[in-house]
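Novice: give me coordinates for this.
(4 chains)
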Number of protein chains: 2
Amino acid sequence: MDDPSAGDRVRLIDVARRCGVTKSVVSRVLNDDPSLNVRPETRQRIRAAALELGYRAHAGARALAGAETRALALLIPDLANPVYSRIIRGAYRRAREHGYVVLLAEDTADDGADEAFADLVEAGRVDGLLIASARPGHRLLSSARLARIPHVFVNREVPGSGRNVAMELAAASATAVRYLHGMGHRRIAMVSGPADLQPARLRERGFVDAVRALGLPSELVARGEFSEQGGASAAGRLLDREPGPTAVYCSTLGQAVGALHAIRTRGLHVPADVSVVTYDDLPLAGYLDPPLTSVAMPLLELGAAAVDAVLQQLAGGPAADVAIRVPPAIVERGSVRRLP
Amino acid sequence: MDDPSAGDRVRLIDVARRCGVTKSVVSRVLNDDPSLNVRPETRQRIRAAALELGYRAHAGARALAGAETRALALLIPDLANPVYSRIIRGAYRRAREHGYVVLLAEDTADDGADEAFADLVEAGRVDGLLIASARPGHRLLSSARLARIPHVFVNREVPGSGRNVAMELAAASATAVRYLHGMGHRRIAMVSGPADLQPARLRERGFVDAVRALGLPSELVARGEFSEQGGASAAGRLLDREPGPTAVYCSTLGQAVGALHAIRTRGLHVPADVSVVTYDDLPLAGYLDPPLTSVAMPLLELGAAAVDAVLQQLAGGPAADVAIRVPPAIVERGSVRRLP
DNA sequence: CTGAAAGCGCTTACAG
DNA sequence: CTGAAAGCGCTTACAG
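Specialist: Okay, here's the model as predicted:
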């Protein structure tokens, strides 16, 4: 049965026969092997035939033969947080530009997703890893397996790893603080994230440094989970202090929603009684009551840069830290009052 | 170089040698081949050795040899919508229970994600497809490729496909309508989704049928995108009618947030002037102002059932429609006023 | 410079 | 019932 229509898979040999050349040539043409020297016309003919037949290399066969799988895996801590969708989108697009697919995994504790993630690697399904999951002490991090595969940490920094792709988290907090200071606020509080999440700590550190630099009190910090619930309880604790803050800066939009709730619950109003600024700029922010002023971060760029960084490792380059230098931007919406 | 430590991959032959048996036996034991007959003790020994050596079959080699890839692909229309994270989670978990991994793709129009999705199939990366992307006329749907691979439609129905895994969308709308009717509302409006999204149409049809059955007016329907913006403008149009609705039922939480915005903008209050019920129950709903009464849907079950359905096809069973019969549930929170 | 051939790591009829 | 062997579809040194 030489008829290509017999089975439904179109193979290398099918396009080779169609063109009257050998598999080797086709493989080399399709993979842009520079050591091959054929007439441009033949090259064209082969490409056209491949397209016409709908040839697509079997990923498994290719991987088995020693080539790359052309797949990357992306580990996300929480798919319910829409912020990650922007990182994911940035990564997908850049990956596609380079002919790679991205396999997404969510790292929920109960799921053994880290195991599944490792499986992807061991099973030879992916060439590299993008790790955006943030708990230190994660099983994955201590895995000896990790050392053998190209990977980067996205939106989190593993100290000394030399493969952190990061935004300017501390600068984001400083931007928010300076903005509030410019609006006349002197008692600025922060709803921070869990102490064991490294990016949360970085944003908190940036906040503390920024208020200190301005000579403002730095003890108005409360921590909570990255959720509405976490934000509500942390903000509640801040509001109950005496004297209370005139402005609250939240670490995530979810927390900000919770903070608004806590403020309302106490019969206070935004921005009349308390001003609010949130990290994370998403459409939702513009439709809350009041619309929230926020700090927009370069999330698409982050995802794209992370892909670039693994791809560079795959190309044999050394691992390196990457800093996304797009500066955090304040999006003004009306949740901040100018104090006299 | 017979030393397994030479390369870093542990192969079938490595565990075979360790146990003094052949590759065949190991492969059969590990894949639970029922036609194999070995002493339970040997079986144990092989399993233990595989575990100890950290053996993991090369997915590519396995796929190439004709076995399954043990991977499924899931196509989602919009990762920024947190509702999908619950479907995804349900699918991931069930897949893992069966030893499958799930590759996630987002179907944004500009991305050529449908191409990427098809690639996954053609390249032999996945055994089956879960399609939750909803536009009819999607390139993927008309692809002849689709016919050759096990797949199901999740949370959308392709008429006549015989492979729809669906919740009771019409019943959800009916539940909301009957609840509002029970609270004394007679002029009930609906913020519906885009006309070309089939699940949006189903919910709208359910709404229209339900209000008609109760003898209520059925013309209070406005459509908008599944976003805050879409909800705000659709709700605005409804509120500007004369006489206006006493209650608004929204198709998604994002739209409901937009509707709240539109209501506020007009100087009205929820639930004093207008009551609101939203499809989609997420933590966010409980932290809005006021907290939104919502219709909770069995999303985890939906994701899990979709996996079951493809797996059944993979096992050689016929494709079949699946209806998730968990009834939609009203979660009362305080955005609905009882009318006298 | 190109083609024939080996080999990647599996699974599975098939022969013993 | 089990083991030896073929073969899945590629890539890539290597021989010509």
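Novice: only C-alpha atoms from now on, for both contacts and neighbour counts.
Specialist: OK.
Novice: the residue nearest to the spatial centre of chain A is in what secondary structure piece?
Specialist: With distances taken as C-alpha atoms, centre = their mean, A:Ile87 lies nearest the centre of chain A, 3.7 Å away. If you go by DSSP states H and E, A:Ile87 is part of helix A:83-97.
Novice: one more: A:Leu104?
Specialist: Counting by DSSP H and E, A:Leu104 is part of strand A:101-106.
Novice: equivalent analysis for A:Leu180, please.
Specialist: helix A:169-182.
Novice: what's the angle between the next helix or strand after that helix and helix A:169-182?
Specialist: With elements assigned by DSSP H and E, the helix or strand that comes after helix A:169-182 is strand A:188-192. Between strand A:188-192 and helix A:169-182, the angle formed by their directions is 150 degrees, by axes from the mean of the first three to the mean of the last three C-alpha atoms, to 10 degrees.
Novice: which ones are touching the residue of the stretch 51-200 of chain A found nearest chain B?
Specialist: In the stretch 51-200 of chain A, no residue comes nearer to chain B than A:Gly60, which is 3.4 Å away by C-alpha to the nearest C-alpha. Contact analysis of A:Gly60 by C-alpha atoms under 8 Å, 6 or more residues apart in numbering or on different chains lists A:69, B:59-61, B:63-64, B:123-125.
Novice: nearest to DNA strand C, of these?
Specialist: Distances from DNA strand C to the contacts of A:Gly60, taken as C-alpha to the nearest atom of the strand, are shortest for B:Ala61 (4.0 Å).
Novice: so the closest one sits in a helix?
Specialist: Yes. Counting by DSSP: H, G, I helix; E, B strand; the rest coil, B:Ala61 is part of a helix.
Novice: how far away is it from A:Gly60?
Specialist: Separation of B:Ala61 from A:Gly60 (C-alpha to C-alpha, to the nearest Å): 6 Å.
Novice: which of the residues in stretch A:156-170 are buried?
Specialist: Using 16 or more other C-alpha atoms under 10 Å in any protein chain shown as the test for burial, stretch A:156-170 gives A:156-158, A:163-170.
Novice: returning to that earlier point: and the residue nearest to the centre of chain A, what's its pLDDT?
Specialist: With respect to pLDDT, A:Ile87 scores 94.
Novice: low-confidence ranges, the stretch 1-150 of chain A, go.
Specialist: When residues are selected by pLDDT under 70, those of the stretch 1-150 of chain A lie in A:1-7, A:109-114, A:134, A:144.
Novice: which parts of it sit against chain B?
Specialist: A:9, A:56-61, A:63-64, A:79-86, A:93, A:96, A:101-105, A:111, A:116, A:119, A:122-125 (C-alpha under 8 Å from any C-alpha of the partner chain).
Novice: mind exporting the C-alpha coordinates of stretch A:79-96 to PDB?
Specialist: Below are the C-alpha coordinates for stretch A:79-96, written out as PDB (Å, rounded to 0.1, in the frame of the first residue of the first chain):
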ATOM      1  CA  LEU A  79      -6.300  29.900  36.400                       C
ATOM      2  CA  ALA A  80      -9.200  31.700  38.100                       C
ATOM      3  CA  ASN A  81      -7.000  34.800  38.400                       C
ATOM      4  CA  PRO A  82      -7.600  36.600  35.100                       C
ATOM      5  CA  VAL A  83      -4.200  38.400  35.400                       C
ATOM      6  CA  TYR A  84      -2.600  35.200  34.300                       C
ATOM      7  CA  SER A  85      -4.600  35.000  31.100                       C
ATOM      8  CA  ARG A  86      -2.500  38.000  29.900                       C
ATOM      9  CA  ILE A  87       0.800  36.300  30.700                       C
ATOM     10  CA  ILE A  88      -0.500  33.200  29.000                       C
ATOM     11  CA  ARG A  89      -1.600  35.100  26.000                       C
ATOM     12  CA  GLY A  90       1.800  36.800  25.700                       C
ATOM     13  CA  ALA A  91       3.600  33.500  26.000                       C
ATOM     14  CA  TYR A  92       1.300  31.700  23.500                       C
ATOM     15  CA  ARG A  93       1.800  34.300  20.800                       C
ATOM     16  CA  ARG A  94       5.500  34.500  21.100                       C
ATOM     17  CA  ALA A  95       5.700  30.800  21.100                       C
ATOM     18  CA  ARG A  96       3.700  30.500  18.000                       C
END
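Novice: circling back to that earlier point, tell me which two of the buried residues of stretch A:156-170 sit farthest apart.
Specialist: Distance extremes for the buried residues of stretch A:156-170: the farthest pair is A:Arg163 and A:Ala170 at 18.5 Å, using C-alpha to C-alpha.
Novice: circling back to that earlier point, next, the angle strand A:101-106 makes with the helix holding A:Ile87.
Specialist: Using the same axes, to 10 degrees: helix A:83-97 against strand A:101-106 is 160 degrees.
Novice: which helices and strands sit right next to helix A:83-97?
Specialist: Counting contacts by 3 or more C-alpha pairs under 8 Å, 6 or more residues apart in numbering or on different chains; DSSP states H and E, helix A:83-97 packs against strand A:101-106, helix A:299-314.
Novice: tabulate the ones you listed (JSON lines), appending distance to DNA strand C.
Specialist: JSON lines is the format used below for the helices and strands packed on helix A:83-97 (distance: least, C-alpha to the nearest atom of the strand, whole Å):
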{"stretch": "strand A:101-106", "distance to DNA strand C": "21"}
{"stretch": "helix A:299-314", "distance to DNA strand C": "19"}
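Novice: distance to A:Ser218 for the ones you listed - can I get that in a markdown table?
Specialist: Formatted as a markdown table, the helices and strands packed on helix A:83-97 follow (distance: least, C-alpha to C-alpha, whole Å):
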| stretch | distance to A:Ser218 |
| --- | --- |
| strand A:101-106 | 35 |
| helix A:299-314 | 28 |
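Novice: stretch A:235-245: which residues count as buried?
Specialist: A:235-239, A:245.
Novice: closest to DNA strand C among the residues you listed?
Specialist: A:Ala235 (52.8 Å).
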